[in-house]
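Colleague: What follows is a predicted protein model with its sequence.
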Amino acid sequence: MSVYKPSAARKTGTSGRRAALLAGCAATVLLTVTACGGGGGTGGTTNKDGFAQAAQNDGALTVWVDATRMDAAKQYQASHPNAKLNIVSYDGDANGSNYLQTKVQLFNRTGKGWPDVVFSSQNNEASWAVDAGFAAPLNKGLIPDATLSGFAKGANDVCTVDGTLYCLRNDLSQAVLWYNAPLLKKFGYAVPTTWEEFQALGEKVAKEHPGYLVGDAGDSFTPEIYLWASKCGANHITGPKAVSVNTTSESCTKMAKLLDTLIKNKSMSISGVFSTDFAKNEADKVLLMPGPAWYGGAVFKDGLKTPAKQIAVAPIPQWQGDTSPATGNVGGGTWLLSKHSSHLKAATDFLKWVTTDNAYQGEKAPGFPAYAPAAENWLKAQAASEYYASDLTALKDASSQVWSDWGSGQFSQEAIWAATVKPGITQGKTIESMLPAWQDSIVKYAQADGYKVSK
């Protein structure tokens, strides 16, 4: 069983900050933040909340988080001093590492070791975690409907299998157009509203201000920003274990041609926004940058150290004549609760807090919260920081415009792009010329995971 037509309203990287995601991938570090306390198991198993529950006890709650969500877990511990937590840092399945799935397979064989609650930077975990018997159903009694109804429309579609909810979205990572407001004004340019204007501006920048950039195509999540926003049908999950793949339609080729044109004239970088090269040589050259909601903090403020009152945000461009606004999504991440947990009350309390509470999501979270009331507070907090040169209304608008026909299958599009297309870009090949190879690779990955593929 896998996710049926997951909504693209998910999203953003992902979730949080990709730079931090990449930082702590190598080893699993156990941080014990536990108070003393004994057993107290209830004995046996109980059929409740839609699944057979393990015997419960008051032992320490084991929570797996990536580097970025470590602060959330520590904040929960600080505000709940009587809670007993084992906080484990892992890579968060960054860039489709499949670390979590591999470990769950091991735990299933040995019959022990499962974390109680886990964060993943990926939005496709339900596509395997349900079949693996790991993810607990959340809408059968564990999480109240009143709480679930507060999430943004479609946010938890990626977590839903046949009407049952198996995870909660952490944040939405909808793509928008970031730009340097004073630099754009200095050069006398207007913010492009169409992709045609975007390309024309890139060509103009290459001639009039060589070295300055209107975007970056060097990251493994490049297709999730550009091809997804272009409504390229590369990743349409059509049913349980079924996917439609077509990377050579006009929606795909015209965006590929746009990227190729701007890569060739060097107004679009291929370094990758988290590369040392980009930070060293191009940090102050960014004029425009399509990217997810978390770029504001993770890329510009923290990564590139762009000064305050420079970065502004606008809607991502649309193709001229397209009356249905669409954008892509990079990451966002999900929280899962284990069916094997013997601390369900504590696990559910943590899960609700970390996804909905203003103390973290509304005030401290690096990305746009999936929980709508927290998102409103998050926007106010961003405005109060006085970092941005404009309001962030475009983020709120884009949260409901993520194109729904790019799904969340078990296979990782980021891993496929990194293996198939990114090396070719580095070698000087055009993206357009590699679209057929990209399709072949997607088909092979999907079939390896048991998907029926149509083209």
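Modeller: The structure has been received and is ready for your questions.
Colleague: Would you map the strands across the stretch 51-200 of the chain?
Modeller: Using DSSP state E, counting those that start in this stretch, the strands of the stretch 51-200 of the chain run over residues 51-53, 61-65, 85-89, 117-120, 160-161, 164-165, 168-169, 171-172, 175-180.
Colleague: and the third one, what other elements does it pack with?
Modeller: What it means is strand 85-89. Here strand 85-89 touches strand 29-33, strand 61-65, helix 70-79, going by 3 or more CB pairs under 8 Å, 6 or more residues apart in numbering; DSSP states H and E. Bear in mind the C-beta positions are built from the backbone N, C-alpha and C, glycine included.
Colleague: wait, which of those is closest to Asn139?
Modeller: Asn139 lies closest, by CB to CB, to one member of these: strand 61-65, at 21.2 Å.
Colleague: Taking strand 85-89 as reference, get the angle to that closest one.
Modeller: 20 degrees (axes from the mean of the first three to the mean of the last three CA atoms, to 10 degrees).
Colleague: I would like the residues contacting strand 61-65, please.
Modeller: Applying CB atoms under 8 Å, 6 or more residues apart in numbering, the contact partners of strand 61-65 are 72-73, 83-90, 92, 100, 115-119, 343, 346-347, 350.
Colleague: Partner strands of that strand, with direction?
Modeller: Under the criterion DSSP bridges, strand 61-65 sits next to strand 85-89 (parallel), strand 117-120 (parallel) in its sheet.
Colleague: now the first one: mean pLDDT?
Modeller: Along strand 85-89, the predicted confidence averages to a pLDDT of 97.
Colleague: Only the buried residues of that strand, if you could.
Modeller: 85-89 (16 or more other CB atoms under 10 Å).
Colleague: Let's have the residues you listed in a markdown table, adding distance to Ser390.
Modeller: Below are the buried residues of strand 85-89 laid out as a markdown table (distance: CB to CB, whole Å):
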| residue | distance to Ser390 |
| --- | --- |
| Leu85 | 39 |
| Asn86 | 42 |
| Ile87 | 37 |
| Val88 | 39 |
| Ser89 | 35 |
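Colleague: From these, pick the one nearest Asp322.
Modeller: Relative to Asp322, and with distances defined as CB to CB, the nearest of the buried residues of strand 85-89 is Ser89, at 42.7 Å.
Colleague: Please pull up the helix or strand immediately following the longest helix anywhere in the chain.
Modeller: In terms of residue count, the longest helix belonging to the chain (DSSP state H) is helix 431-448. Going down the chain from helix 431-448, the next helix or strand is strand 452-454, by DSSP states H and E.
Colleague: any chance you could map the helices in the stretch 51-200 of the chain?
Modeller: Listed in chain order, the helices of the stretch 51-200 of the chain (DSSP state H, counting those that start in this stretch) span 70-79, 99-110, 126-129, 145-148, 181-187, 195-208.
Colleague: Report all helices and strands that the first one contacts.
Modeller: Okay, so that is helix 70-79. Secondary-structure packing of helix 70-79 (3+ CB pairs under 8 Å, 6+ apart): strand 61-65, strand 85-89, helix 344-356.
Colleague: next one: the longest one
Modeller: Other elements packing on helix 195-208 under the criterion 3+ CB pairs under 8 Å, 6+ apart are helix 250-264.
Colleague: in the helix it packs on, what counts as buried?
Modeller: Quick answer for helix 250-264 (16+ other CB under 10 Å): 251-256, 258-263.
Colleague: repeat for stretch 437-445
Modeller: For stretch 437-445, a neighbour-count test (16+ other CB under 10 Å) marks 438-439, 441-443, 445 as buried.
Colleague: Might you report the residue contacts of Asn265?
Modeller: 202-203, 206.
Colleague: mind running it again at 6 Å?
Modeller: Residues in contact with Asn265 (CB atoms under 6 Å, 6 or more residues apart in numbering) are Ala206.
Colleague: got it, and Pro81?
Modeller: Counting by CB under 6 Å, 6+ apart, Pro81 has no contacts.
Colleague: Let's test this: what are the backbone torsions at it?
Modeller: phi -60, psi -20 (degrees, to the nearest 10).
Colleague: Need the per-residue pLDDT for it.
Modeller: pLDDT, Pro81: 95.
Colleague: circling back to that earlier point, so for Lys364, which of the strands of the stretch 51-200 of the chain sits nearest?
Modeller: Using CB to CB, the strands of the stretch 51-200 of the chain put strand 171-172 closest to Lys364, at 11.9 Å.
Colleague: From the contact counts, what lies against the closest one?
Modeller: Applying 3 or more CB pairs under 6 Å, 6 or more residues apart in numbering; DSSP states H and E, one finds that strand 171-172 contacts strand 368-369.
Colleague: Note down every partner strand of the strand it packs on and its orientation.
Modeller: strand 171-172 (antiparallel).
Colleague: quick check: mean pLDDT across the strand it pairs with?
Modeller: 94.
Colleague: same thing with stretch 361-373?
Modeller: Stretch 361-373 shows a mean pLDDT of 93.
Colleague: May I see the buried residues of that stretch?
Modeller: Result for stretch 361-373 [16+ other CB under 10 Å]: buried residues 361-362, 365-372.
Colleague: can you check stretch 310-320 too?
Modeller: Here stretch 310-320 shows 310-319 as buried, counting by 16+ other CB under 10 Å.
Colleague: Contacts for stretch 131-146 next, please.
Modeller: Taking CB under 6 Å, 6+ apart as the rule, stretch 131-146 contacts 1, 49-51, 104, 129, 164-166, 336-339, 348.
Colleague: cool, stretch 448-455 as well?
Modeller: 241-246, 410-411, 443, 446-447.
Colleague: Need the distance between the two termini of that stretch.
Modeller: Start and end residues of stretch 448-455 are separated by 16 Å (CA to CA, to the nearest Å).
Colleague: Repeat that for stretch 163-172.
Modeller: End-to-end span of stretch 163-172 (CA to CA): 21 Å.
Colleague: need the buried residues of stretch 310-320 in TSV with secondary structure, can you?
Modeller: As requested, the buried residues of stretch 310-320 are exported to TSV (DSSP: H, G, I helix; E, B strand; the rest coil):
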residue	secondary structure
Gln310	coil
Ile311	strand
Ala312	strand
Val313	strand
Ala314	strand
Pro315	coil
Ile316	coil
Pro317	coil
Gln318	strand
Trp319	coil
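Colleague: closest to Ala229 among the residues you listed?
Modeller: Among those, and counting by CB to CB, the member closest to Ala229 is Ile316, at 5.6 Å.
Colleague: and the closest one, what does it touch?
Modeller: Contacts of Ile316 (CB under 6 Å, 6+ apart): 175-177, 229, 290, 327.
Colleague: hmm, back to that, point out the most buried one among the helices and strands packed on helix 70-79.
Modeller: Most buried of those, by mean neighbour count (mean count of other CB atoms under 10 Å): strand 61-65, with a mean of 25.
Colleague: ok, back up a step: in JSON lines, list the strands paired with strand 61-65 along with distance to Thr420.
Modeller: Output for these, formatted as JSON lines (distance: least, CB to CB, whole Å):
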{"stretch": "strand 85-89", "distance to Thr420": "30"}
{"stretch": "strand 117-120", "distance to Thr420": "23"}
